[in-house]
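> Make a model of this:
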Amino acid sequence: MADPLLLGIDTGGTYTDAVLFSETAGVVAKAKALTTRHDLSVGISRAVEAVLEKARVPVQAISLVSLSTTLATNALVEGQGGRAGLVMIGFGPDDLKRDGLADALGSDPVLFLPGGHNVHGTETALDMTALDAALPDLARSVSSFAVAGYFAVRNPDHERRVRERIRDVSHLPVTCSHELSSRLGGPRRALTTLLNARLVSMIDRLIGACEDYLKRIGLDVPMMVVRGDGALISAAEARLRPIETILSGPAASLVGARHLTGLDDAVVSDIGGTTTDVAVLDRGRPKLDAEGAVVGGYRTMVEAVAMRTYGLGGDSEVRIDDRGLRAKIELGPRRFLPLSLLSEQHPGAVVPVLERQLRAPHPGRHDGRFAIRTGIPDQLASGLQPQEQALFDRLGDAPEPLDTLLATTLQKATLDRLVARGLVHIAGITPSDAMHVLGGQGQWDGAAARLGLQLATRLKDGSGRPVAGSPEDLATLIVDRLTRQSSDVILAACLADDGVAGVDPVTSVAVDRALIRKPGIVRFEVALDRPLVGLGASAPVYYPAIAEMIGARPSIPYDADVANAVGAVVGQVRSAVTVFVTMPEDGIFIVNGAGDSVRLLDESAAFSLARERAVEAALHAARASGADEPMVALGEDVDAPEIEGSRKLVEARFTATASGRPRIAHDV
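Take a look at the predicted model:
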């Protein structure tokens, strides 16, 4: 009997990848299709149909589907996401100043309610009067809610009651902080919950699109999603906790890199359309970030691989600073639609505009740039200001040149807000366009890429010279810049992993001399102590030069272009649950977590109950996440110092971790 086939799907900002994988044969077939943001199921269906055709197998041969995605990561890096209402129970306005919560909140509404609990789970009375008064209006201006209660990890009752009230009135998705983390630190837990709420609609659309397509083709098998720590969870769980899928794509790429190369020690760098993700493999295992994943400048409470994500990719915005004596090129952090891709998708709508702009006697400030709706459902555009709505209404499904769309500087700021909401794409020149001009890529419209770069060469620096003599010269400058910025971020990630502070490759004179091989009496060199694994569709194009610049041996596996999709199917389900025991007064022990609070008079009985609860809850969570016959390990951390000769229990933490391979259809 042949091995069951596992289908791995990775939905990125530009491409959707599909891989058919067998436990014994490895990658059986792979395929790519453009990610279609207006309807994600279109890109998914094209990729899956292509991989089935390549493998020449029926759809019924598939026993498991597993999904990884960079959509949540990209949204946070680019500052995108739906508008969410934050409800804080037992907190005050000053708490917004901690952990970057106020910056993350931006203009989204926040409501403070009396209530919450203390460290032992004892409540302060909850008052929902302000919530009842605000809910009708709030429900019309947001797409989801986040609820964070004071010490909710010890007693989540108030969060649950507020959640039910919001659901009854608004019928919108609600995320509670106790569902995401068992760690203390209210403002950061509130931040994590807010970001989760903003991502709910995006991940729900992705999973729904995949499920709808699989249903249409008659495939009824378990479906998994890669979590940020590389473990797998069921699609149903991912819908409830989409924040756990931040760094899903990068985590899957790391799991895939280990599987594809067999390397135990390596630096792994994955370049996509929007981001570059860098992590270190050490003795065959990825490191986890003990403090929580940092994405888009915010430190969350999400356990994830110690991956550093930078806004740099093949579709990064090319920014030309022509104010100095010599023009400077910088890339990112925003993603643009490449002109070559836009023209491929909308034949006849891009090239004539670029030609018109080239015929003008002087370059225009918006030359070579277009705007187009992303195509997400209209209900996700709630809460737009009048000027935002007016500009949004002028845009349609066809690209609109910015030189005719924007009449004032204020309108440019309005457009940027629509981009930040994920409602509008900006198109312009990118490294992908540069590669089309140089012949390194050729899948899209090279003529549009050349015209876009030709327009940019008309810009003059402070000395009056053109920024480049030809499209080819400018393309070379752009690719060289990507090589250098990639080298900088890889070195920055490795130095941080080594614990080296105070050395920024971007500003360090010594690092700069080493990377450009500047001759001198003192010669600086830089090198990695392990191979550089390059992943991503464009890895073979970029990473040989990057590895040479930073003194590393390049390792680019044959299936580097679909490493994320491979990682999606070779991972394990893993669930961890922590139960706490505290002693509010001598002889009284409170067990909190994995159920209602319990008050006991015996420490050993409290510890025994905590262990039992943690193990049962972890096994239940792992099975709910799709694990087949999970195994469980139990860790204990008891903080009980001797004070004046007497033992005093401060806190005991019992953490059970259950793990196992996902169920496949043959087992269901």
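
> From now on I want contacts and neighbour counts done on CA atoms only, so please keep to that.
Noted.

> I'd guessed Val489 sits against Gly311; true?
No. At 10.0 Å, Val489 does not count as touching Gly311 under the criterion of Cα atoms under 8 Å.

> Could I get the full set of strands for the stretch 201-350 of the chain?
With DSSP state E, counting those that start in this stretch as the definition, the stretch 201-350 of the chain shows strands at residue ranges 223-226, 232-234, 266-271, 276-282, 285-286, 294-295, 298-299, 308-310, 316-321, 328-335, 337-338.

> now the stretch 551-668 of the chain
Under the criterion DSSP E, counting those that start in this stretch, strands of the stretch 551-668 of the chain are mapped to 554-555, 573-585, 588-592, 598-600, 631-639, 642-643, 646-647, 651-660.

> Can you lay out those strands as JSON lines showing mean pLDDT, distance to Gly256 and mean neighbour count?
Below are the strands of the stretch 551-668 of the chain laid out as JSON lines (pLDDT from 0 to 100; distance: least, Cα to Cα, whole Å; neighbours: other Cα atoms under 10 Å):
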{"stretch": "strand 554-555", "mean pLDDT": "96", "distance to Gly256": "13", "mean neighbour count": "22"}
{"stretch": "strand 573-585", "mean pLDDT": "87", "distance to Gly256": "15", "mean neighbour count": "23"}
{"stretch": "strand 588-592", "mean pLDDT": "90", "distance to Gly256": "38", "mean neighbour count": "23"}
{"stretch": "strand 598-600", "mean pLDDT": "89", "distance to Gly256": "44", "mean neighbour count": "15"}
{"stretch": "strand 631-639", "mean pLDDT": "90", "distance to Gly256": "23", "mean neighbour count": "14"}
{"stretch": "strand 642-643", "mean pLDDT": "80", "distance to Gly256": "48", "mean neighbour count": "9"}
{"stretch": "strand 646-647", "mean pLDDT": "80", "distance to Gly256": "48", "mean neighbour count": "10"}
{"stretch": "strand 651-660", "mean pLDDT": "89", "distance to Gly256": "18", "mean neighbour count": "22"}
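
> hang on, the earlier thing: just the strands of the stretch 201-350 of the chain: most buried one?
Among those, strand 223-226 has the highest mean neighbour count (mean count of other Cα atoms under 10 Å), at a mean of 31.

> Sheet-wise, list the partners of it with their directions.
strand 62-69 (parallel), strand 232-234 (antiparallel) (DSSP bridges).

> pretty sure Ser486 is touching Ala547, no?
No. At 9.7 Å, Ser486 and Ala547 do not qualify as touching, with contact defined as Cα under 8 Å.

> Ok, which of the strands of the stretch 551-668 of the chain comes nearest Leu180?
strand 573-585 (11.1 Å; Cα to Cα).

> Report the inter-axis angle for that closest one versus strand 588-592.
Calculated by axes from the mean of the first three to the mean of the last three Cα atoms, to 10 degrees, strand 573-585 forms an angle of 160 degrees with strand 588-592.

> Comparing Ser486 and Ala547, which residue is more hemmed in?
More crowded of Ser486 and Ala547, by other Cα atoms under 10 Å: Ser486, with 26 against 23.

> Now Ile320. Nearest residue, chain neighbours left out?
Taking Cα to Cα, 6 or more residues apart in numbering, and ignoring the residues beside it in sequence, Ile320 has Ile329 as its nearest neighbour in space, at 4.7 Å.

> which stretches of the stretch 451-600 of the chain form helices?
Listed in chain order, the helices of the stretch 451-600 of the chain (DSSP state H, counting those that start in this stretch) span 471-497, 509-515, 539-549, 563-570.

> To clarify, my last question referred to the stretch 51-200 of the chain.
71-77, 101-105, 129-141, 157-170, 186-216.

> of all those, which lies closest to Met88?
For Met88, the closest of those is helix 186-216, at 7.7 Å, according to Cα to Cα.

> Can you give the domain ranges for the protein?
If you go by automatic domain parsing, the domain ranges for the chain are 84-196, 316-478, 573-667.

> Need those domains in JSON lines (columns: distance to Asp264).
Output for these, formatted as JSON lines (distance: least, Cα to Cα, whole Å):
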{"stretch": "domain 84-196", "distance to Asp264": "30"}
{"stretch": "domain 316-478", "distance to Asp264": "31"}
{"stretch": "domain 573-667", "distance to Asp264": "21"}
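
> Which of these sits closest to Ile203?
Within the domains of the chain, the stretch nearest Ile203 is domain 84-196; the backing value is 9.9 Å (Cα to Cα).

> Now Ile490: closest residue in space, sequence neighbours ignored.
Excluding its sequence neighbours, the residue lying closest to Ile490 (Cα to Cα, 6+ apart) is Val278, at 6.3 Å.

> looking at the domains of the chain, which is closest to Arg513?
Taking the domains of the chain one by one with Cα to Cα, domain 316-478 is closest: 18.2 Å.

> I'd like to know how far the residue nearest to Val638 when sequence neighbours are not counted sits from Phe607.
Once flanking residues are discounted, Val638 sits nearest to Ala652: 4.2 Å by Cα to Cα, 6+ apart. The gap separating Ala652 from Phe607 is 8 Å, by Cα to Cα, to the nearest Å.

> Name the residues contacting each of the two.
Counting by Cα atoms under 8 Å, 6 or more residues apart in numbering, the common neighbours of Ala652 and Phe607 are Val581.

> need the next SSE after the helix or strand encompassing Asp10, C-terminal direction.
Element membership for Asp10, per DSSP states H and E: strand 5-11. Using DSSP H and E, the next helix or strand after strand 5-11 towards the C-terminus is strand 15-22.

> okay, and for the chain, where does confidence drop off?
Scanning the chain for pLDDT under 70 picks out the ranges 1-2, 37, 73, 76-81, 182, 290, 293, 295-297, 377-380, 664-668.

> Swap in 50 and give it another go.
Scanning the chain for pLDDT under 50 picks out 1, 666-668.

> check contacts around Leu105.
Leu105 neighbours (Cα under 8 Å, 6+ apart): Leu194.

> Distance-wise, check it relative to Ile376.
Counting by Cα to Cα - Leu105 and Ile376 are separated by 22 Å.

> Likewise for Leu254?
30 Å.

> okay, the two: which has more neighbours?
When Leu254 and Ile376 are compared for neighbours, Leu254 comes out ahead with 33 against 17, by other Cα under 10 Å.
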